[in-house]
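In: Sharing a model prediction with you, sequence too.
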Amino acid sequence: MFDRNALPKSVTVFEVGPRDGLQNESLVLPTLVKAELIQRLINSGIPAIEVASFVRPDLVPALADAEELLLELTPLLANNRMSALVPNQKGLERAMQVGVKEIAVFASATESFAKANLNNTIAGSLEIYRPVIEQARGLGLRVRGYISMCFGDPWEGNVSPDQVVNVAEKLFAYGINELSLGDTIGVATPGDVIDLLDALDKRGISKDHLAVHFHDTYGQALSNTLTALLEGISTIDSSIAGLGGCPFAKSATGNLATEDLVWQLHGLGISTGIDFQALLDTGRWLRDKTGLINRSKTAIALGNNKRMVGK
């Protein structure tokens, strides 16, 4: 039976569109357009945003302007939670030079994806991240960790919860503040979500420090989100207009759309601090400004039924 009392009273929506969303789009947006997108997201009430990635520009051209973008965002850094992905020590140095207050590191639960995405092994990549995490924490920065391929891998198939937990334990031991569990190719079902969260709990990893990151390849993102909420998760990653995928895993489709997530959360009576109309307007602005497809089912439906917008 559905226990509404098990739901959190409030949820942190962690917006990943400006980084994870845009990295897989063929259109490279101008820096000022990205900055305006982030400002609009903040104005809509989004409390946390992943804004950039300090990877090699030739590997992800859509994010090659990280320094320029952060300089545009300088007035916003002090009072808004904005995160940037760093792959190594050099990436950390670049991020610090432009005033980033929160970084993220990106690990893999599978050897195949570690090789494809990081050109390393799981163990090798973690050894690169260890001094990055320790130095960042020593300097007072917040560190977010990601684990990709938490439920399935296009080369290896199903991924056992133990594989994910082993990586998670190391990242927390190194000092991360929060860990986002990624269903990179969108194959998870609610049962898989329960199994993984239970496995993490049994190894002493608190759900207070966990987030979930679902892709909607099999149409399961919202049902997986609801399951995670009922299991005690209160930070959910999503992407404006459902942007994103993964340049190193071609079967991955877009992220859970922020509009769809917030529609569900508000319908459950869960507080987000987000102005839903302003969020819709941001997704539509992005579509009109850039020509990018808005994949949010909620945005599409409300475009055809404007009387429901104020629901």
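Out: That came through, no problem.

In: okay, CA-based contacts and neighbour counts for the rest of this
Out: Fine.

In: okay, now the closest residue to H209 other than its chain neighbours: neighbour count?
Out: In this structure, H209 finds its nearest non-sequential neighbour in E178, 4.8 Å apart by C-alpha to C-alpha, 6 or more residues apart in numbering. E178: 21 surrounding residues under other C-alpha atoms under 10 Å.

In: contacting residues around S83?
Out: Shown in contact with S83 (C-alpha atoms under 8 Å, 6 or more residues apart in numbering): 48-52, 100-104.

In: now do the same end-to-end measure for stretch 114-121.
Out: Stretch 114-121 has an end-to-end distance of 6 Å (C-alpha to C-alpha, to the nearest Å).

In: buried residues in it?
Out: Buried positions in stretch 114-121, judged by neighbour count with 16 or more other C-alpha atoms under 10 Å: 114, 117-118, 120-121.

In: what's the answer for stretch 173-191, then?
Out: Of all the residues in stretch 173-191, those buried under the rule 16+ other C-alpha under 10 Å are 174-190.

In: Which of these fall within strands?
Out: When DSSP state E is applied, the buried residues of stretch 173-191 are split such that 178-183 fall in strands.

In: Separate out the buried members of the contacts of S83.
Out: For the contacts of S83, buried by 16+ other C-alpha under 10 Å: 48-52, 100-104.

In: Dump these to TSV, plus pLDDT, distance to A211 and secondary structure.
Out: As requested, these are exported to TSV (pLDDT from 0 to 100; distance: C-alpha to C-alpha, whole Å; DSSP: H, G, I helix; E, B strand; the rest coil):
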residue	pLDDT	distance to A211	secondary structure
A48	98	12	strand
I49	98	14	strand
E50	98	14	strand
V51	98	17	strand
A52	97	19	strand
V100	97	21	coil
K101	97	19	coil
E102	98	16	strand
I103	98	15	strand
A104	98	13	strand
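
In: Just name the closest of the residues you listed to V33, please.
Out: V51 (12.4 Å; C-alpha to C-alpha).

In: which ones are touching the residue nearest to H209?
Out: Applying C-alpha under 8 Å, 6+ apart, we find E178 in contact with 143-145, 209-211.

In: Flag the shaky bits of this protein, pLDDT-wise.
Out: In the predicted model of the chain, residues 1, 245-253, 304-311 satisfy pLDDT under 70.

In: That one: strands as residue ranges?
Out: For the chain, the strands defined by DSSP E cover 12-15, 48-53, 81-85, 102-108, 142-148, 152-153, 157-158, 178-183, 210-214, 235-238.

In: Please tabulate these in a markdown table, including the columns distance to P131.
Out: Listed next are the strands of the chain as a markdown table, based on distance: least, C-alpha to C-alpha, whole Å:
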| stretch | distance to P131 |
| --- | --- |
| strand 12-15 | 25 |
| strand 48-53 | 18 |
| strand 81-85 | 15 |
| strand 102-108 | 11 |
| strand 142-148 | 12 |
| strand 152-153 | 28 |
| strand 157-158 | 31 |
| strand 178-183 | 17 |
| strand 210-214 | 22 |
| strand 235-238 | 26 |
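
In: distance of the nearest residue to L292 once chain neighbours are set aside from S238?
Out: Leaving aside its chain neighbours, L292 sits nearest to L286 (7.1 Å; criterion: C-alpha to C-alpha, 6+ apart). Taking C-alpha to C-alpha as the measure, L286 falls 16 Å from S238.

In: which of these two has more neighbours?
Out: For the pair L286 and S238, the greater number of neighbours falls to S238 (31 against 20), based on other C-alpha under 10 Å.

In: Can you verify my assumption that that one contacts F14?
Out: Yes - here S238 reaches F14: they are 6.3 Å apart, a contact under C-alpha atoms under 8 Å.

In: Just give the number of residues close to L200.
Out: 20.

In: OK, contacts around it?
Out: By C-alpha under 8 Å, 6+ apart, the neighbours of L200 are 165, 206.

In: separation between it and E169?
Out: 9 Å.

In: circling back: max pairwise distance over the ones in strands among the buried residues of stretch 173-191: which two?
Out: E178 and D183 (16.5 Å).

In: who's in contact with the residue nearest to D65 when sequence neighbours are not counted?
Out: Distances taken as C-alpha to C-alpha, 6+ apart place T31 nearest to D65, at 6.7 Å, with adjacent residues excluded. Neighbour list for T31: 65, 68-69 [criterion: C-alpha under 8 Å, 6+ apart].

In: S206: neighbour count?
Out: Quick note: S206 (other C-alpha under 10 Å) scores 14 neighbours.
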